[in-house]
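J.: coords please:
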Amino acid sequence: MNKFIYSILKITAASLLFLSCEKVITITPPPYIGKVSIQSMLEPDSIPIVYFNKTVPYFDPKINFADLVIRNANIKITSGATTDVLQLDSVFDKVYCEYNYYYKGTVPVQMNKTYTLTIINGSDTYTASCSTSSLSKSTIDSTAYTANYKDLYGEHEGVIIYFRDVPAQANYYRYEMDRFIDTATKKAEVKIVSPCLGRDSVQVQELGRSVFNDIGQDGQQLKIVIEPAYSHSPGTKGYIRIQSIDKNAYDFFDQLDKQKLSQFNPFIEPVFLRDGQFGSKAIGYFSAMVKSNAAAFIYPE
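T.: Reported below is the predicted structural model:
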């Protein structure tokens, strides 16, 4: 037997030995320690709304709004001598084809006020404060569209917004577009499938994934580029606003954006949502915002 054939037989035997040594290892994940999620963004002249939900493991089948909402909580928002007691409410979401649950108040939010949120759920109490005093509306100067721009997530089309930063104060911003979608619309390249929509269209609020600040650009004209969340055809119309948010919301959404980025980029250190306004007992934010003027936008392609 020549050396070449002998080498081939040795390699084949080693391969068969390796394949026959498979071993199934069962890994028991550590017990999941859940938190609660609290999300509330106060807007002047609007009724306060608080989303109070439980968190679940990533692969947990309980993903419906009805499964996640925490019921029978005692939630109130106070400002000075005024106390607004919030009640559990819901609205039917045609896109998800289920009811979306939240706690809703009755007293409109006012400018130049400090608000304190208190939630009592069984033996647990959560509290945080925010203020509408330091918020100033920005002004959208113009909008544009680009068929291709590149960011850390790759190459995309983008909506471009030019607006003036409010000078002499720290400012934080988030993008918002209101538009209509239907079953012909796609989100993240996946067609929206909802038996509740039928042939109807429904208005949605598209919020920017990233948040922005004015560090080093105080009082200047700012430019942000946002990748659309929903598909569109030429002539699709929407209304763009810039939300001026407080630092509570900025810190939360900035961490959330960095967490998402670390999931897609193997060269970025993993990011975890750190303790925020509610300490280690809950994730989320209790914040305030004001909106800019509405700018009509029509997709050219």
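
J.: how's the chain carved up into domains?
T.: 36-131, 139-272+289-298 (automatic domain parsing).

J.: which stretch in those has the least confidence?
T.: Between these, the one with the least mean pLDDT is domain 139-272+289-298; it has a mean of 86.

J.: Do me a favour and get the end-to-end distance for that one?
T.: Its first and final residues considered, domain 139-272+289-298 spans 19 Å by Cα to Cα, to the nearest Å.

J.: Tell me the buried residues in stretch 293-301?
T.: Neighbour counts using 16 or more other Cβ atoms under 10 Å place 295, 297, 299 of stretch 293-301 among the buried residues. (Each C-beta comes from the backbone N, C-alpha and C, glycine too.)

J.: follow-up on the earlier one: among the domains of the chain, which comes closest to Lys281?
T.: Evaluated over the domains of the chain, closeness to Lys281 peaks at domain 36-131, with 6.3 Å, by Cβ to Cβ.

J.: can you tell me the distance between the two ends of the closest one?
T.: First-to-last residue span, domain 36-131, Cα to Cα: 23 Å.

J.: now do stretch 91-105
T.: 14 Å.

J.: In it, which residues are buried?
T.: 94-95, 98, 100-105.

J.: So for Ile25, which of the domains of the chain sits nearest?
T.: domain 36-131 (19.0 Å).

J.: roughly how far out does the closest one sit from the chain middle?
T.: 16 Å (Cα atoms, centre = their mean, to the nearest Å).

J.: What residues of stretch 68-88 count as buried?
T.: Buried residues in stretch 68-88 (16+ other Cβ under 10 Å): 68-70, 73, 75-77, 79, 84, 86.

J.: Select from the residues you listed every entry located in helices.
T.: Those of those mapping onto helices are Leu68, per DSSP state H.

J.: on that earlier part again, what would the buried residues of stretch 91-105 look like in a markdown table with distance to Asp141?
T.: A markdown table is the format used below for the buried residues of stretch 91-105 (distance: Cβ to Cβ, whole Å):
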| residue | distance to Asp141 |
| --- | --- |
| Lys94 | 34 |
| Val95 | 32 |
| Glu98 | 40 |
| Asn100 | 34 |
| Tyr101 | 39 |
| Tyr102 | 34 |
| Tyr103 | 37 |
| Lys104 | 35 |
| Gly105 | 35 |
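
J.: In a markdown table, list the residues you listed along with distance to Gly198 and secondary structure.
T.: Converted to a markdown table, the buried residues of stretch 91-105 look like this (distance: Cβ to Cβ, whole Å; DSSP: H, G, I helix; E, B strand; the rest coil):
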| residue | distance to Gly198 | secondary structure |
| --- | --- | --- |
| Lys94 | 9 | coil |
| Val95 | 12 | coil |
| Glu98 | 16 | strand |
| Asn100 | 19 | strand |
| Tyr101 | 24 | strand |
| Tyr102 | 25 | strand |
| Tyr103 | 30 | strand |
| Lys104 | 28 | strand |
| Gly105 | 33 | coil |
